[in-house]
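Trainee: Attaching a predicted model along with its sequence, questions to come.
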Amino acid sequence: MGTAANAGRSNGISATLPNGRLWDQLGRAKTFLVSGVEWFGELGMFCARLARAAVLPPYEFQELIRQCDTIGSKSLPLAALAGAATGVVLALQTHDSLVRFGARSMLPAVVIFSILKESGPVITGLVVSGRVGAGIGAELGSMRVTEQIDAMEASAVDPYKYLVATRVFACILMLPLLTLAASFCGILMGWVSITLAEPISLRLFFEKGFKNVLFSDFIPPVLKTAVFGFIIGLVSSFQGMRTKGGTEGVGRSTTSSVVLSSLFVILADVILVRLILSVWG
Amino acid sequence: MKKTPADAAPVEVKDLRKSFGEQKVLDGITLRVAPGETVAILGRSGTGKSVLLKLMIGLQSPDSGSVRIAGQEITNLDVNQLNEVRKKVGFLFQKAALYDSLTVEQNVAFPLKRHSDMSEGEQKERVRELLESVGMQEDQQKMPSDISGGMQKRVGLARALALDPEILLFDEPTAGLDPITAAEIGKLVLDLKKKRKITVVVVTHDVRGAKVMSDRMVLIHEGSIVAEGSFEELQKKRNRFVAQFIADGAEE
């Protein structure tokens, strides 16, 4: 009898398991969807409060300058190094391919175009979202859990004005400058790696490389990084400001700031490249 | 900054209720603090004392009820209106909540820079005076991480006093401090009362400290006020919880 009961039970389980799993998965998908919608809703309200704080006086210029220093000049070595490494790799890889297709003379132009139009901006965006995104997420997160943000509000100072707007604006202002530095280092190191294989003067490299470069090739990708800066500043400040629960919460905010800002930088790049191509050809 | 009407109670809450999810924290609190009075709100840890204080300055919103600060209802104000009310209130946080990227001097100057018409020299002088009044004048250039918890509380107190507030809210001013430092903080509060005649609301579970600092004690249990009055009046209450709670203060 026991065996029959077990058999019946196992039959019952095998009959209900797929449905159970399906409901579980549907439940999880629903929770994920709802929390995603909530996240975007909260981000929308955060943006509205940020816009209000940024537009209305008084303005926190001193803090903005301090943030420009923290975000800009302190990220410069990293952005320059990342740009330089990209330049070297790009030059070596492109050299090999172009030699194979018999288009060696195109090498300077291909390296400079690639760095100016895509590699420089994207590498800078990703490097800064790692360094700055983590910094903002962790700093605001720890300020939240140690009641420093509450203390600011209790002192009748709007933390959106003092903490968030200054960081977002500093990111918007600094990203294009960091991109210029990264692209410059990338082009320079691209030349170094090419000239080590087959010597070419810097002047000739620049002449060949920049011959067909127009302002419309150069300006939109650099300005695109201002959008990356906005995304990095906004997302990491948002994650930092909504931190809950002690040091573990700060850790979560830091991680999610980096992950989400990198993800949105990549997504924004896809949209902006399409937009730039359709407007400027 | 608008002046508070003379007949208005500096702090008045009516039928205040607040829950976090299923957990009911405050269940109909009604309290009126007279001008110049010091009221100590006592209760066990986790009974919503700090929440009550945060509701008084609009850092949290109540589920229902009224909060009037300096004669003005604050539960329906926008951020700018609320900030005008907040300028009349000084708040000392449980762990001082000093801005850790700023020096001691910059922490105290923070509200002054934004809400006073003082010149930079006047601000420096005011900061020096405030730090002197809490015995921290030697540590102006130190970072908050380089000073002890008790010193941080003193700096927090100086910052709370920066705008010369009409009302002071203290969240556990003596928690986590050794008895000597706790007594020093208590003495600072008493000095303040004498010199400035400020209305003070102190949230604490330190009965001895409350006995020294306050004119009236309010005891909260399970979200409601179970007893209020002077220490001597509370001693006469027959409620077992009240007797148990204030026994510690009676030992002295």
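Mentor: That came through fine. From a predicted model like this one, the values you see are computed outputs, not experimental measurements. Numbering: from 1, shown residues only, chains lettered A, B, ... in the order given.
Trainee: Going by C-alpha atoms from here, please, whenever you check contacts or count neighbours.
Mentor: Fine.
Trainee: Spell out which residues of chain A are next to chain B.
Mentor: Neighbours of chain B within chain A, by C-alpha under 8 Å from any C-alpha of the partner chain: A:143, A:146-148, A:150-151, A:153-157.
Trainee: Can you pick out the ones from those residues that are in strands?
Mentor: Counting by DSSP state E, no part of the residues of chain A next to chain B is found in strands.
Trainee: For my notes, please list those in TSV and give pLDDT, neighbour count and distance to residue A:111 for each entry.
Mentor: Output for the residues of chain A next to chain B, formatted as TSV (pLDDT from 0 to 100; neighbours: other C-alpha atoms under 10 Å in any protein chain shown; distance: C-alpha to C-alpha, whole Å):
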residue	pLDDT	neighbour count	distance to residue A:111
A:143	96	23	44
A:146	95	21	49
A:147	95	19	50
A:148	97	22	48
A:150	96	22	50
A:151	96	26	51
A:153	95	20	51
A:154	95	26	54
A:155	94	27	53
A:156	94	24	53
A:157	94	22	49
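Trainee: and those, which two are the farthest apart?
Mentor: Spatial extent of these (C-alpha to C-alpha) is set by the pair A:146 and A:156 at 17.8 Å.
Trainee: Show me which parts of stretch B:21-32 are buried, residue by residue.
Mentor: Using 16 or more other C-alpha atoms under 10 Å in any protein chain shown as the test for burial, stretch B:21-32 gives B:25-31.
Trainee: before we move on, what about stretch B:140-156?
Mentor: Neighbour-count burial for stretch B:140-156, counted by 16+ other C-alpha under 10 Å, picks out B:140, B:143-144, B:149-156.
Trainee: do the same with stretch B:76-94
Mentor: Residues B:82-83, B:85-94 are the ones in stretch B:76-94 that count as buried (16+ other C-alpha under 10 Å).
Trainee: Now stretch A:71-91: buried residues?
Mentor: Of all the residues in stretch A:71-91, those buried under the rule 16+ other C-alpha under 10 Å are A:71-72, A:75-76, A:78-88, A:90-91.
Trainee: Could you tell me how far it lies from the centre of the chain?
Mentor: Mean C-alpha position of stretch A:71-91 versus that of the full chain (C-alpha atoms, centre = their mean, to the nearest Å) differs by 15 Å.
Trainee: How about stretch B:53-60?
Mentor: 11 Å.
Trainee: can you list contacts of that stretch?
Mentor: With contact meaning C-alpha atoms under 8 Å, 6 or more residues apart in numbering or on different chains, stretch B:53-60 is reached by A:150, A:153-154, B:11, B:13, B:51, B:61-62, B:67-69, B:74-75, B:82, B:86, B:89, B:169, B:171, B:203.
Trainee: Around chain A, which positions in the stretch 51-200 of chain B sit nearby?
Mentor: Looking at chain A, the residues of the stretch 51-200 of chain B close enough under C-alpha under 8 Å from any C-alpha are B:57, B:59, B:82-84, B:86-87, B:89-91, B:93, B:95, B:97-99, B:111, B:114, B:160.
Trainee: So which of the buried residues of stretch A:71-91 are in helices?
Mentor: Those of those mapping onto helices are A:76, A:78-88, A:90-91, per DSSP state H.
Trainee: For the chain, give me the ranges with low pLDDT.
Mentor: Here I'm looking at chain A. Residue ranges of chain A with pLDDT under 70: A:1-18, A:281.
Trainee: looking at chain B here, not the other one
Mentor: Along chain B, segments meeting pLDDT under 70 span B:1-7, B:248-252.
Trainee: quick one: the helices in it?
Mentor: For chain B, the helices defined by DSSP H cover B:49-56, B:79-86, B:104-115, B:120-133, B:149-161, B:179-196, B:207-213, B:231-236, B:240-250.
Trainee: and those helices, which is most packed in?
Mentor: Compared across those, helix B:149-161 shows the largest average neighbour count, a mean of 25 (mean count of other C-alpha atoms under 10 Å in any protein chain shown).
Trainee: hey, C-alpha coordinates of it in PDB?
Mentor: Extracted in PDB, the C-alpha atoms of helix B:149-161 (Å, rounded to 0.1, in the frame of the first residue of the first chain):
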ATOM      1  CA  GLY B 149      32.300  60.200  19.500                       C
ATOM      2  CA  GLY B 150      31.800  62.600  22.400                       C
ATOM      3  CA  MET B 151      33.700  65.300  20.500                       C
ATOM      4  CA  GLN B 152      31.600  64.700  17.400                       C
ATOM      5  CA  LYS B 153      28.500  65.200  19.500                       C
ATOM      6  CA  ARG B 154      29.800  68.500  20.700                       C
ATOM      7  CA  VAL B 155      30.500  69.600  17.200                       C
ATOM      8  CA  GLY B 156      27.100  68.400  16.200                       C
ATOM      9  CA  LEU B 157      25.600  70.500  19.000                       C
ATOM     10  CA  ALA B 158      27.600  73.600  17.800                       C
ATOM     11  CA  ARG B 159      26.300  73.000  14.200                       C
ATOM     12  CA  ALA B 160      22.700  72.600  15.500                       C
ATOM     13  CA  LEU B 161      23.100  76.000  17.300                       C
END
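Trainee: Just want the angle from it to helix B:120-133.
Mentor: Interaxial angle of helix B:149-161 relative to helix B:120-133 (axes from the mean of the first three to the mean of the last three C-alpha atoms, to 10 degrees): 130 degrees.
Trainee: Run through who's touching helix B:149-161.
Mentor: Identification of contacts with helix B:149-161 by C-alpha under 8 Å, 6+ apart yields A:155, B:89-93, B:95-98, B:104, B:107-111, B:130-131, B:133-136, B:144, B:168, B:173, B:176-177, B:181-182, B:185.
Trainee: about what we covered before: looking at the residues of chain A next to chain B, which are in helices?
Mentor: Per DSSP H, those map to helices at A:143, A:148, A:150-151, A:153-154.
Trainee: closest to chain A among the buried residues of stretch B:76-94?
Mentor: Distances from chain A to these, taken as C-alpha to the nearest C-alpha, are shortest for residue B:83 (4.5 Å).
Trainee: Spit out the contact partners of the closest residue in space to that closest one that isn't next to it in sequence.
Mentor: Leaving aside its chain neighbours, residue B:83 sits nearest to residue A:156 (4.5 Å; criterion: C-alpha to C-alpha, 6 or more residues apart in numbering or on different chains). By C-alpha under 8 Å, 6+ apart, residue A:156 lies in contact with B:82-84, B:86-87, B:111.
Trainee: do the same with residue A:230
Mentor: A:168-169, A:171-172.
Trainee: go again using 7 Å as the cut-off
Mentor: Residue A:230 sits next to A:168, A:171-172 when contact means C-alpha atoms under 7 Å, 6 or more residues apart in numbering or on different chains.
Trainee: Where does it sit, in terms of helix or strand?
Mentor: helix A:215-241 (DSSP states H and E).
Trainee: List the buried residues in that helix.
Mentor: Using 16+ other C-alpha under 10 Å as the test for burial, helix A:215-241 gives A:217, A:220-241.
Trainee: And stretch A:264-276, by the same measure?
Mentor: So for stretch A:264-276, counting by 16+ other C-alpha under 10 Å, buried means A:264-266, A:268-269, A:272-273.
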